[in-house]
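K.L.:
sequence isn't available, so here's the structure alone:
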DNA sequence: CGTTCGATTGAGCTTTCTCAAGCACAGTGG
DNA sequence: CCACTGTGCTTGAGAAAGCTCAATCGAACG
């Protein structure tokens, strides 16, 4: 199915306005498990974001659904006094539009130069209604995200700073492997230390200190500020699950 | 639709084996927005739990889906060393079975005497496939739970102990009002202080101390160990959103 | 009336936060 | 080519929120 979609995309001439849509639709289709690329392509529009640029804010009316095709996003919620909780990061192929409310429940902002494909929410909804497999894919996606959210609750409610950071790296690693299709040893960090801290329920200083700690333990190596090499994955897994001292 | 379902249930003679199923199906139907009660009734089975009795454990194969018809449940995940995160509580009418994995992602345990209606997962899946509206209801339910999980992430990652407890009470209050249909002033706490603590990412001692604090502030009153009266809901809301000192 | 178990209260401690200073790297202009 | 500057990262020291351990309380139950 994915192969079909890619072939369909490649059949278009370079620069053709539909090319991008097609490529992007591949992502939608891959995520939602839908095969009707032709229809998807007719509906889609393109959108670019610069680093730091918001896609929409918490409370904005949810009029569109998106698929991230290039770049990286952060999703977050704010408290009135400015405290922030990053609820997730998105990478190419990820779908953004699971909601039953009329308004968005969180803010989305680009971490780096990003490209998205979007569809009007209503038309997407109509399209989904005529494609039972897509509807099911949407449900599966929501169920999957729910499970991830529950794992994050364990992290935020019960893990130590070191365990949180270890879990974070492993999560990024698994995501990279899912996206890239093969085992990875390094992960990119398109987000700032503050973003990481706000995702893990810590402060940027604590994140920094734990990074230093893991570096001293030879568990990770900071290849660059925004690039971490996992030296000892087993150790990292043990730390992440709190099995260091029991 | 709900009225129809209830009438169908009441049409059966007292003690008839289908009565319970019918009543329970009302709950499933209410939650999932499905109207085909007759079919649901034919598929359902009954199950009772005593306080503290587990329904299933994290990692068990997910072979059934449930609707809670009476009582209250807690859902939790454990770390290897025993640390626990309660990811949610369930009350009558709540549906339990959102997963795409073969195994359960959390443990479920009865807080008090409880009654559930269950269906074999596979047969439920087949049934859902033939009822597009049910499939949509399932998606909406998952999306709703996802939003709730994200709100809980803010609580666990960024709120103070006082804010967490205030949010918890307001959540229970809203749930009670949704279930009861009218404004509520008191909430029952079928769970222990430890359960509350494990839900809020605190210790039972801290929960106890915050309870005393809110009591001294005249924001709540402890009508009994397991019953809280909300005296000043606005104040509680202000605390929950962190708007006390800004 | 005593026992038990959960809830509360108290005292000291630990982890993480806060605030502040120093560092490193990228971009800018002399 | 190199100092200048800004921004984000790191490191340090002290503070605080919440945790741990321990004692006490109190309601339910035999």
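P.N.:
Yes, it's here. If you're wondering where the values come from, they're calculated on a predicted model, not measured in any experiment.
K.L.:
spatially, what comes nearest to residue A:218 if we skip its sequence neighbours?
P.N.:
Using Cβ to Cβ, 6 or more residues apart in numbering or on different chains and skipping residues adjacent in sequence, the residue nearest residue A:218 is residue A:231, 5.9 Å away. Placement of C-beta: from N, CA and C, glycine included.
K.L.:
surely that neighbour touches residue A:220?
P.N.:
Yes - using Cβ atoms under 8 Å, residue A:231 is in contact with residue A:220, at 6.0 Å.
K.L.:
please say which of these two ends up with more neighbours.
P.N.:
residue A:220 (24 against 15; other Cβ atoms under 10 Å in any protein chain shown).
K.L.:
got a pLDDT number for that one?
P.N.:
Note for residue A:220: predicted pLDDT of 98.
K.L.:
and it, how far from residue B:244?
P.N.:
39 Å (Cβ to Cβ, to the nearest Å).
K.L.:
same question, residue A:198
P.N.:
21 Å.
K.L.:
do the same with residue A:187
P.N.:
Computed as Cβ to Cβ, the residue A:187 to residue B:244 distance reads 39 Å.
K.L.:
looking at those two, which one has more neighbours?
P.N.:
Neighbour totals were compared for residue A:187 and residue B:244, and residue A:187 leads with 23 against 14 (other Cβ under 10 Å).
K.L.:
would that one count as being in a strand?
P.N.:
Yes - with DSSP: H, G, I helix; E, B strand; the rest coil as the criterion, residue A:187 is located in a strand.
K.L.:
per-residue pLDDT, it?
P.N.:
96.
K.L.:
how long is stretch A:48-58 end to end?
P.N.:
20 Å (Cα to Cα, to the nearest Å).
K.L.:
was I right about residue A:177 contacting residue A:187?
P.N.:
No - using Cβ under 8 Å, residue A:177 is not in contact with residue A:187, being 9.8 Å away.
K.L.:
what's the neighbour count on residue A:133?
P.N.:
13.
K.L.:
what about it, is that helix, strand or coil?
P.N.:
helix.
K.L.:
can you read off the pLDDT for it?
P.N.:
83.
K.L.:
for it, give its distance to chain B.
P.N.:
Distance from residue A:133 to chain B, counting by Cβ to the nearest Cβ, to the nearest Å: 10 Å.
K.L.:
check residue A:138 too.
P.N.:
For residue A:138, the distance to chain B - Cβ to the nearest Cβ - is 6 Å.
K.L.:
likewise for residue A:66?
P.N.:
Between residue A:66 and chain B the computed distance is 15 Å (Cβ to the nearest Cβ).
K.L.:
residue A:158 too?
P.N.:
Counting by Cβ to the nearest Cβ - residue A:158 and chain B are separated by 5 Å.
K.L.:
number of nearby residues for that residue?
P.N.:
Neighbours of residue A:158 (other Cβ under 10 Å): 20.
K.L.:
repeat for residue A:83
P.N.:
Residue A:83: 16 neighbours (other Cβ under 10 Å).
K.L.:
please name the residues that touch it.
P.N.:
B:158, B:159, B:242 (Cβ atoms under 8 Å, 6 or more residues apart in numbering or on different chains).
K.L.:
how close does the spatially most central residue of chain A sit to residue A:97?
P.N.:
By Cα atoms, centre = their mean, chain A has its centre lying nearest to residue A:90, at 1.8 Å. Residue A:90 sits 11 Å away from residue A:97, going by Cβ to Cβ.
K.L.:
isn't there a strand covering residue A:229?
P.N.:
Yes - with three-state DSSP as the criterion, residue A:229 is part of a strand.
K.L.:
where in chain A is pLDDT low?
P.N.:
Along chain A, the model assigns pLDDT under 70 to residues A:1-43, A:245-246.
K.L.:
show me where it has its helices.
P.N.:
A:2-10, A:17-32, A:37-43, A:121-129, A:132-158, A:161-180, A:193-200, A:204-216, A:233-240 (DSSP state H).
K.L.:
out of those, nearest to residue B:103?
P.N.:
With respect to residue B:103, and counting by Cβ to Cβ, the nearest of the helices of chain A is helix A:132-158 at 10.6 Å.
K.L.:
so which bits of that closest one are buried?
P.N.:
A:134-147, A:149-158 (16 or more other Cβ atoms under 10 Å in any protein chain shown).
K.L.:
then stretch A:191-203?
P.N.:
A:191, A:193, A:195, A:196, A:197, A:198, A:199, A:200, A:201, A:202.
K.L.:
do I have it right that the fourth one meets residue A:189?
P.N.:
Yes - because the distance of 7.2 Å satisfies Cβ under 8 Å, residue A:196 is recorded as touching residue A:189.
K.L.:
flag every residue of chain A that's near DNA strand D.
P.N.:
A:192, A:193, A:194, A:204, A:205, A:207, A:208, A:209, A:211, A:212, A:222, A:225 (Cβ under 7 Å from any atom of the strand).
K.L.:
ok, and of the residues you listed, which contact DNA strand C?
P.N.:
A:205, A:225.
K.L.:
are any of the residues of chain A next to DNA strand D buried, and which?
P.N.:
A:193, A:207, A:211.
K.L.:
ok, of the residues you listed, which one's closest to residue A:127?
P.N.:
For those, the residue nearest residue A:127 by Cβ to Cβ is residue A:193; the value is 40.4 Å.
K.L.:
mind listing what residue A:208 touches?
P.N.:
Neighbours of residue A:208 in contact, by Cβ under 8 Å, 6+ apart: residue A:193.
K.L.:
repeat that for residue A:189.
P.N.:
Contacts of residue A:189 by Cβ under 8 Å, 6+ apart are A:172, A:196, A:225, A:226, A:227, A:228.
K.L.:
ok, now residue A:152?
P.N.:
So residue A:152 contacts A:87, B:149, B:153 (Cβ under 8 Å, 6+ apart).
K.L.:
between the residues you listed, which is nearest DNA strand C?
P.N.:
residue B:153 (14.2 Å; Cβ to the nearest atom of the strand).
K.L.:
give me the distance between that closest one and residue A:149.
P.N.:
Counting by Cβ to Cβ, the gap from residue B:153 to residue A:149 is 7 Å.
K.L.:
mind listing the shared neighbours of those two?
P.N.:
residue A:87.
K.L.:
could I get the contacting residues of residue A:79?
P.N.:
Taking Cβ under 8 Å, 6+ apart as the test, what residue A:79 contacts is A:85, B:154, B:158, B:159, B:241, B:242.
K.L.:
which residues touch residue A:48?
P.N.:
A:113, A:114, A:115, A:116.
K.L.:
closest one of the residues you listed to chain B?
P.N.:
If you rank the contacts of residue A:48 by distance to chain B using Cβ to the nearest Cβ, residue A:116 comes first, at 20.0 Å.
K.L.:
residue A:157 and residue B:197 touch, don't they?
P.N.:
No - proximity of residue A:157 to residue B:197 does not meet the contact threshold set by Cβ under 8 Å, at 9.7 Å.
K.L.:
re earlier: possible to save the contacts of residue A:152 as CSV with distance to residue A:126?
P.N.:
Converted to CSV, the contacts of residue A:152 look like this (distance: Cβ to Cβ, whole Å):
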residue, distance to residue A:126
A:87, 28
B:149, 28
B:153, 32
